[in-house]
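*Asks:* this is a predicted model, with the sequence first.
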Amino acid sequence: MYTTREQDLVYQNEVKEIKLLSLLEITNAINENAPVKHLMKIFTFILKEQLGFSKFVLLMNQKEWGNPVKIGFKGKIDLKAIDKEFSRFKEITIIESSKSKILHQFQVIIPVFHSEKPLAFLLLSSNLDSENETSYFSFVQTLTNIIAVAVENKRLGEQNVIKERISKELEVASEMQKLLFPSELPSNKKMDLSAKYIPRHAIGGDYYDFIPLGDDEYIICIADVSGKGISAALLMANFQATIRTLFKYQRFEMPFLIEELNKKVMRSAKGEKFITFFIAHYNAHTRQMKYVNAGHNHPFILHGRKIFMLDKGCIGLGMLDEIPKINVGTIELSPNSTFVLYTDGLIELENNEGKLFGINQLVKAAQSYAPLKMEDMNNIIFSKLDDWRGDLSFVDDTAIFSCKFF
């Protein structure tokens, strides 16, 4: 026969063994990267079978509150009210009386916090005597803490994996998008072309292109999609590919081409986004340029001190199912004319005082440096943009496409 003292020691040793085995089982499962459902099964088994709690509910916060474990309780839990009802509990609390529909059905609430953020609340009732029950509460809090932190770490880990995957996908998309831009722009006795483009993100929503149609005819275009982000960039990439594909097989009259592109944008964007677009067809032999400006910032042509804004055209692509009217502009380029196309990220760049760089500054800079090679002129203009924005970042995709025709 054991004495009372010996019985207490035996009981304490049994409790210690249960606690150690419980911790070992949980930590092994965590180290083996067991799924959350498996962790919850172990947690439930320990509380119910090893520790003897007959009724408990575990509430966990993963972006929003959920209820992964519910034993011995059949009531409904208002997950939206958890923050309001339970946030006042910062430590193990015996529930003596409560007006809460759920709290009054349990004997104790065990909170788990991390950096003042509630990760979990465990509600408990049991058939144990109060002395034995109390001895388990601190251990149960430790166990719940381990589980809650492990689940939170798994969630954050999955988020990081998703972020890494998205990052890699964006890298691939960025490389694919680069392939759609002209790899080389001509610089010869006929013309000198150069472009500079800084996307706001990995993939951008601006586009420029130069497509030869023979020895003396060329397509020159620039575009900007409304909005930002991946969806805008993907719409523009699709638009780029469409233009390239169209001109690979056939030539089109300007109005027909604009109408077809408008249908394509409407189908792809479903009216949620639109594209401003400028396209010119230049004949180097006749020096005649035909163009349509579909809602884009006005490109301009410089010849000496003369400035010609190219504003003939129509509304942006994807704004309406059908474009009401398309005006085709025509202009003849004198020798040594400089043709400048750009997107709104350039002229709408703000300085620290909230002032825009503006079209006037762009025109003045182009007039000053037009005698230089187009690459040098573009670099100087971007250096002026850097001076203008100071320590501010580019807030939009920013592109300039400059062409000199000799």
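*Replies:* Cool, the structure landed.

*Asks:* give the buried residues for stretch 313-320.
*Replies:* 313, 314, 315, 316, 317, 318, 319 (16 or more other C-beta atoms under 10 Å). For glycine as for every other residue, the C-beta is placed from the backbone atoms N, C-alpha and C.

*Asks:* which of the residues you listed sit farthest apart?
*Replies:* When C-beta to C-beta is used, the two most widely separated members of the buried residues of stretch 313-320 are 313 and 318, lying 14.6 Å apart.

*Asks:* I'd assumed residue 248 was in a strand, is it?
*Replies:* No. With the criterion set as DSSP: H, G, I helix; E, B strand; the rest coil, the secondary structure at residue 248 is helix rather than a strand.

*Asks:* for it, grab the count of nearby residues.
*Replies:* Counted with other C-beta atoms under 10 Å, residues neighbouring residue 248 total 8.

*Asks:* please apply the same query to residue 399.
*Replies:* A count of nearby residues for residue 399, using other C-beta under 10 Å, gives 25.

*Asks:* swap in residue 150?
*Replies:* Residues lying near residue 150 (other C-beta under 10 Å) number 19.

*Asks:* quick check: phi and psi on it?
*Replies:* When quoted as degrees, to the nearest 10, the phi and psi of residue 150 stand at phi -60, psi -40.

*Asks:* over to the closest residue to it other than its chain neighbours. Which of the three states is it?
*Replies:* Spatial nearest neighbour of residue 150, chain neighbours left out: residue 30 (4.7 Å); criterion: C-beta to C-beta, 6 or more residues apart in numbering. Assigned with three-state DSSP, residue 30 falls in the helix class.

*Asks:* what count of nearby residues applies to residue 284?
*Replies:* Around residue 284 there are 17 residues (other C-beta under 10 Å).

*Asks:* excluding its backbone neighbours, what's nearest it?
*Replies:* That would be residue 216: by C-beta to C-beta, 6+ apart, it lies 4.4 Å from residue 284.

*Asks:* surely the one you found meets residue 283?
*Replies:* Yes. Residue 216 lies in contact with residue 283 (C-beta atoms under 8 Å); the separation is 6.1 Å.

*Asks:* so what's the residue count around the residue nearest to residue 150?
*Replies:* If you count neighbours by other C-beta under 10 Å, residue 30 ends up with 18.

*Asks:* contacts only, for it.
*Replies:* 39, 146, 150 (C-beta atoms under 8 Å, 6 or more residues apart in numbering).
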